[in-house]
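**Q** need coordinates for the following:
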Amino acid sequence: MPDHRRTDPLKRAKPFRWLTSDDLLALGWAEADVPVVKDYLNHMMRLELGLYEQLINKLLSNKLQSVEEDRFFIKTTVLDKEEASRYLSLYLSETIQFALNEIKGDDRQLKQIELTNKIIQLLISELPNVELSSNILEDEGKILQAVFSKLESPYADLGK
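**A** So this is what the prediction gives:
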């Protein structure tokens, strides 16, 4: 008799059709990218057994629907009102970082800054009573690294 405690439930139950290489090519992926994309998608469709503290998005919801509840314990809880901003901001941060990394081209940085500013503009329009306009990024994408007094600095070579 097989040991079901060690079996990934999604390896047995696949209610969705897996994408083939031809599907990915038809979606516009470059042939060189197809193996990497397939590996990523296959990894994303597996649900590892263990403890979680993760927001349920559409992908995870689909995975959970395919798990046999009579054979696996699944526990969910409602997002706590006091913790919602922490969970949601972490989730947004990861999602936005993934999306920004997907921007390609010579003007990648400028496009990333523009998209970031569009997200901030959305927050400004959705939260008119909160001052967020000073959070708009400059197009140059500079990062402040230090502010020291030149007169009282222990570093002789400031600015070099």
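**Q** list the contacts of T116.
**A** Taking Cβ atoms under 8 Å, 6 or more residues apart in numbering, we find T116 in contact with 96, 100, 137. C-beta here means a position set from N, CA and C on the backbone, and glycine is covered the same way.
**Q** if we use 10 Å, what do you get?
**A** Counting by Cβ atoms under 10 Å, 6 or more residues apart in numbering, T116 makes contact with 96, 100, 135-137, 141.
**Q** can I get those in CSV including pLDDT?
**A** Below are the contacts of T116 laid out as CSV (pLDDT from 0 to 100):
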residue, pLDDT
I96, 94
L100, 94
N135, 95
I136, 95
L137, 94
G141, 87
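**Q** put the buried members of those into a PyMOL selection.
**A** Per 16 or more other Cβ atoms under 10 Å, the buried members of these correspond to this PyMOL selection:
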select buried, resi 100
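**Q** any chance of a markdown table for the contacts of T116, columns secondary structure?
**A** Formatted as a markdown table, the contacts of T116 follow (DSSP: H, G, I helix; E, B strand; the rest coil):
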| residue | secondary structure |
| --- | --- |
| I96 | helix |
| L100 | helix |
| N135 | helix |
| I136 | coil |
| L137 | coil |
| G141 | coil |
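**Q** which one of the contacts of T116 is nearest to D107?
**A** Of all those, D107 sits closest to G141, with 11.4 Å by Cβ to Cβ.
**Q** phi, psi of G50?
**A** phi 150, psi -170 (degrees, to the nearest 10).
**Q** mind checking pLDDT for Y40?
**A** Note on Y40: pLDDT of 63.
**Q** cool, and the one 3 residues further on?
**A** For H43, the pLDDT comes out at 55.
**Q** tell me, what residue is most central in this structure?
**A** T95 (2.5 Å; Cα atoms, centre = their mean).
**Q** contacting residues for that one?
**A** Per Cβ under 10 Å, 6+ apart, neighbours of T95: N57.
**Q** please shift the residue numbers so they start at 234 in all later answers.
**A** Taking 234 as the first residue, the last one we looked at is T328.
**Q** I appreciate the help and will end here.
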